[in-house]
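J.: Kindly return the folded structure for what I paste below:
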Amino acid sequence: MTVGSFEGKAPEIGSDTYVHPSADVLGDVTIGEGCWIGPGARIRGDYGTIVIGDHCSIEDNCVIHVRPGEQTTIGDWVTVGHGAVIHNVNRIHNFVIVGMGAVVSDWAVVGEWGVIGEGAVVRQGQEIPAEHVAVGVPARVLDKTVSEDYKAQWMTFKETYVDLARRYREAYRPETQV
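T.: A predicted model of the protein is given here:
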């Protein structure tokens, strides 16, 4: 794990947050309480500022980066699936789900409980309304909203990652490979 300062700016990582040893968190980055930062994740606040809320899951091999002098803000209880890229996004609101391999690009906004499907590409400046699903390349918003059953199911998954962060903090001990 590399948690490092860059040009005088050092990450602030909330209590009960787990950062995997192979993840990098660099520069002007704030991560809230009870988050999971998975293996291979790269969160680079070397140019601008990245703020990640509480109880988020930034899964394996995700990249979060921001343009010079700008800020990417990720709300609470956000899930960023394996291999997703978040680049200079204006705002990802609370409870959003970004599917595996998705790209959310510059100045985009994803509303609360928005869902970005696996492999989707949210274009620069695109806005995904709250409680809507966006899929495809480029992403298009489907004409349906996220159901209460879907939200309940996903809260279970989100809570699983908060628990996983706790379990890793308590029990994970890397061993030397031979």
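J.: Help me confirm that Ser134 is found in a helix?
T.: Let me fix one detail, which is that residue 134 is Ala and not Ser. No - according to DSSP: H, G, I helix; E, B strand; the rest coil, Ala134 belongs to no helix; its state is strand.
J.: what about Tyr150, which SS state?
T.: The three-state assignment at Tyr150 reads helix, by three-state DSSP.
J.: Return the distance of it relative to Glu131.
T.: Counting by C-beta to C-beta, to the nearest Å, the gap from Tyr150 to Glu131 is 9 Å. Backbone N, C-alpha and C define where each C-beta goes, glycine included.
J.: again, but for Asp143
T.: Separation of Asp143 from Glu131 (C-beta to C-beta) stands at 12 Å.
J.: So between those two, which is more surrounded?
T.: Shown here are Asp143 and Glu131; by other C-beta atoms under 10 Å, Glu131 has more neighbours (17 against 7).
J.: Can you verify my assumption that the more buried one contacts Glu112?
T.: Yes - Glu131 is within contact range of Glu112, at 7.0 Å (criterion: C-beta atoms under 8 Å).
J.: tell me which element Thr156 is part of?
T.: Using DSSP states H and E, Thr156 falls within helix 148-171.
J.: Quick check: what element follows the helix or strand of the chain with the lowest mean pLDDT along the chain?
T.: Across the helices and strands of the chain, mean pLDDT, DSSP states H and E gives its lowest value to strand 2-4, namely a mean of 78. Using DSSP H and E, the next helix or strand after strand 2-4 towards the C-terminus is strand 12-13.
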